[in-house]
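In: Using only what follows, build the 3D model:
(chains A and B)
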Amino acid sequence: MNSRRDFLKQISGAALAAGITPLLAQTLLRAQAVEFPGEDDMILRSFRFVDLESPVEYFNTWLTPVPHFFVRNHMYEPSELDANEWRLSIGGEVEKLLTLSLAELSKFEVHSVVNTLECAGNGRSLHRPQVPGIQWGKGAVGTARFSGPRLRDVLQRAGIKPTGKHVMFRGLDEVPGKVPPFIRSIPVEKALDADTLIATHMNGSALTKHHGFPARALVPGWIGAASCKWLTEIKVLESEFVGNFMNPGYRFPNQPMKPGDTVKPEDTHPVTALTVKSVIAAPSDGASLKTGKVMVHGAAWAGEADVTKVEVSADGGSTWNSANLGREQSHYAWRLWNYEWNAGKSGDYTILSRATDSQGRTQPASPVWNPSGYLYNAVDQVKIHVA
Amino acid sequence: MWRKVAALCLMVLLVAPSLSAQAREKDQRRTNPTEELPAGPMQAKATTACTECHEARIILQQRLSKAAWTKEVDKMAKWGALVDAADRDALIDYLSANFGPDKPAYEPPRTADKIASGKSK
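Out: Numbers count the residues shown, from 1 in each chain, chains lettered A, B, ... in the order given. Predicted coordinates:
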């Protein structure tokens, strides 16, 4: 990949400047790596539980290859997963209880959705004061084509009773100690949306274990936590599921708050759809470039809305220029974008990117601080040196 | 001239071992993908309390005030972390001292890149 080659060139350049040969730099770079089959060149946020972040330089393809797609786990992955033994039960406020095998699930009509999946805590490390949780940089996000039956087709076979208002998902992840299980629910309207899936495939291949094999919920445009992995139970409920990961987890203050303040649980609401955001894939933060043309590029997404505009500033935000939006698009998917900037003079520059969406939302100049560090979407920036 | 050559040889002798030590340290990180908590009077007890469920790297990346560490320790104790009531304050002090907001950011490693090195796909 070009971006990786550029990255290695930069590393090699820095190594040469420091008197280290490029070969030695490569060796040191590789020696730092942790073996992790099927997960290539990912930032290791946690080995146990598995939490892996995509380096932003990989945000140069519309579909993120699975080995570069972020992985977020709250618990241990299931120790045993046998596709033949796996069952999905559908119960609660339904006319008829269902238990489906993978073969039975595969008989439902298959639907595909290209979706940008982002962890609610993506960008958490950029909040000040810092807040507890996995300290994601910018890369707990990726875009893939998810395929599988529509959740509504499965729910309609069971028949939702009029009392059914929320749909709960339970996965097979293994819970340590007295940690509350990772169970969450979504409102029935979103569950019945034509694009909400029980996904069995990702980019045309069966889900890998890290991504929820053999089946996961896929709730498009919403925070990743809505899309429960290793799905084994769907339960229709009369009201929102009551549990740690619905409350106090994954909630956002109703009113803007001062950084560092506390908020009462009753003054918060569940985090659902993603907000508008852009990330610069290149040039890398801290890069040294030569004067001349520089391709600034990246990705922008807006949850359930569409990205309508991405702007780039090369002067720290005084003036903005429209970026070109990539040809590939789909309702819940990010748009790639690029802007050719002429770096005429040597010096230090701050490059900014700012996205606007079809709901009229624009990325704020400063982050919207909240106690759990959710939905970070401040204008992105990289600092570079031109010589 | 010979002085220059001798100086160069000395530099090689001095620099080479430190580079190989650096490479060795990174090699160890490759074979042992989990981190360890820093030395201190509470290292052993913190290791027992925290790493039963998750690895030390999750702690190493936090930069929290003492008030925030207090909330975290109490939450984790509720969730099953083995923290003796007599050790609670010392554990909070240990975490606050090592992982406070003033410490530099933790630099995580990456997983091996098998696509670029042609080992897979």
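In: residues contacting residue A:204?
Out: By C-beta atoms under 8 Å, 6 or more residues apart in numbering or on different chains, residue A:204 lies in contact with A:145, A:147. Glycine gets a C-beta too; all of them are placed from N, C-alpha and C.
In: Would you state the predicted confidence (pLDDT) at it?
Out: According to the prediction, residue A:204 has pLDDT 98.
In: Next, work out how far apart it and residue A:210 are.
Out: 17 Å (C-beta to C-beta, to the nearest Å).
In: With residue A:245 instead?
Out: 19 Å.
In: between the two, which one's more packed in?
Out: Neighbour tally, residue A:245 and residue A:210, criterion other C-beta atoms under 10 Å in any protein chain shown: the higher count belongs to residue A:210, 20 against 17.
In: Does the more buried one touch residue A:71 like I think?
Out: Yes. Using C-beta atoms under 8 Å, residue A:210 is in contact with residue A:71, at 4.6 Å.
In: list the residues that contact both of these two?
Out: A:39, A:50, A:52.
In: Only the buried members of these: can you turn that into a PyMOL selection?
Out: Restricted to buried positions by 16 or more other C-beta atoms under 10 Å in any protein chain shown, the PyMOL selection for these reads:
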select buried, chain A and resi 39+50+52
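In: Of the shared contacts of residue A:210 and residue A:71, which ones also sit close to chain B?
Out: Restricting the shared contacts of residue A:210 and residue A:71 to those within reach of chain B (C-beta under 8 Å from any C-beta of the partner chain) leaves A:39, A:52.
In: all helices of the chain, in order?
Out: Defaulting to chain A. Here chain A has its helices, by DSSP state H, at A:2-17, A:22-31, A:102-105, A:151-158, A:188-191.
In: Not quite, go with chain B.
Out: B:2-31, B:43-51, B:57-60, B:66-78, B:88-98.
In: Those helices: lowest mean pLDDT?
Out: helix B:2-31 (a mean of 46).
In: so residue A:376 makes contact with residue A:118?
Out: No. Contact criterion C-beta under 8 Å: residue A:376 and residue A:118 do not qualify, at 10.1 Å.
In: Tell me which of those two has more neighbours.
Out: residue A:118 (28 against 22).
In: Tell me which residue of chain B lies closest to chain A.
Out: residue B:80 (2.6 Å; C-beta to the nearest C-beta).
In: burial measure for the nearest residue to that residue once chain neighbours are set aside, as a count.
Out: Counting by C-beta to C-beta, 6 or more residues apart in numbering or on different chains, residue B:80 lies nearest to residue A:177, which is 2.6 Å off, once chain neighbours are set aside. Residues near residue A:177, counting by other C-beta under 10 Å, number 13.
In: show me what contacts the nearest residue to residue A:369 once chain neighbours are set aside?
Out: Of all residues not flanking residue A:369 in the chain, residue A:259 sits nearest, at 4.1 Å (C-beta to C-beta, 6+ apart). By C-beta under 8 Å, 6+ apart, the residues touching residue A:259 are A:127-129, A:369.
In: From those residues, pick the one nearest chain B.
Out: residue A:129 (6.2 Å).
In: which residues does the residue nearest to residue A:69 when sequence neighbours are not counted contact?
Out: For residue A:69, ignoring the flanking residues on the chain, the nearest one in space by C-beta to C-beta, 6+ apart is residue A:142 at 4.2 Å. Neighbouring residues of residue A:142 by C-beta under 8 Å, 6+ apart: A:54, A:64, A:68-70, A:116-117.
In: Just want the residue of the stretch 101-250 of chain A that's nearest chain B.
Out: residue A:177 (2.6 Å).
In: and that residue, what is it in contact with?
Out: Contacts of residue A:177 (C-beta under 8 Å, 6+ apart): B:52-53, B:79-81.
In: What is the end-to-end distance of stretch A:240-254?
Out: Terminal residues of stretch A:240-254 are spaced 18 Å apart (C-alpha to C-alpha, to the nearest Å).
In: buried set for that stretch?
Out: A:240-241, A:244-247, A:249-253.
In: Contacting chain B as well, which ones from the residues you listed?
Out: Counting by C-beta under 8 Å from any C-beta, no member of the buried residues of stretch A:240-254 is near chain B.
In: biggest separation within these, which pair?
Out: A:241 and A:253 (21.0 Å; C-beta to C-beta).
In: Quick check, the residue of chain B closest to chain A in contact with residue B:49.
Out: No. Using C-beta under 8 Å, residue B:80 is not in contact with residue B:49; the gap is 9.7 Å.
In: Of those two, give the one with the bigger neighbour count.
Out: residue B:49 (21 against 15).
In: In contact with the more buried one, which residues are there?
Out: Residue B:49 neighbours (C-beta under 8 Å, 6+ apart): B:76-77, B:81-83, B:91.
In: Could you dump the residues you listed into a markdown table with neighbour count added?
Out: Formatted as a markdown table, those follow (neighbours: other C-beta atoms under 10 Å in any protein chain shown):
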| residue | neighbour count |
| --- | --- |
| B:76 | 20 |
| B:77 | 17 |
| B:81 | 24 |
| B:82 | 13 |
| B:83 | 20 |
| B:91 | 22 |
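In: Tell me which two of these sit farthest apart.
Out: Applying C-beta to C-beta across the contacts of residue B:49, the maximum distance is between B:82 and B:91, 10.8 Å.
In: Please work out how many residues are found near the residue lying closest to residue A:361 once chain neighbours are set aside.
Out: Once flanking residues are discounted, residue A:361 sits nearest to residue A:276: 4.5 Å by C-beta to C-beta, 6+ apart. Applying other C-beta under 10 Å, we find 25 residues neighbouring residue A:276.
In: Look up how far residue A:358 lies from residue A:276.
Out: Distance from residue A:276 to residue A:358, by C-beta to C-beta: 9 Å.
In: One more: residue A:129?
Out: 33 Å.
In: same check, this time on residue A:369
Out: 26 Å.
In: Could you do residue A:343 as well?
Out: 32 Å.
In: Of these two, give the one with the bigger neighbour count.
Out: Each of residue A:343 and residue A:358 has its neighbours counted (other C-beta under 10 Å); residue A:343 has more, 20 against 13.
In: list the contacts for the more buried one?
Out: A:289-294, A:314, A:349, A:386.
In: from those residues, which ones fall inside strands?
Out: Secondary structure assignment by DSSP state E places A:289, A:292-294, A:349, A:386 of those in strands.
In: tell me the phi and psi of residue A:137?
Out: phi -80, psi -120 (degrees, to the nearest 10).
In: quick one: pLDDT of it?
Out: Looking at residue A:137, the pLDDT reads 98.
In: if I pick it, what's in contact with it?
Out: A:43, A:53, A:56, A:123, A:125-126.
In: got it, and residue B:110?
Out: Residue B:110 touches A:32-34, A:41-44, A:55, counting by C-beta under 8 Å, 6+ apart.
In: ok, and which of those reach chain B?
Out: A:32-34, A:41-44, A:55.
In: Point out the least confident one among those.
Out: Lowest pLDDT among these: residue A:32, 69.
In: Count the neighbours of residue 108 for me.
Out: You didn't pick a chain, so chain A it is. 16.
In: You answered for a different chain; I wanted chain B.
Out: Considering only other C-beta under 10 Å, residue B:108 is surrounded by 22 other residues.
In: Quick check: it touching residue B:35?
Out: No. Taking C-beta under 8 Å as the definition, residue B:108 is not a contact partner of residue B:35, at 9.4 Å.
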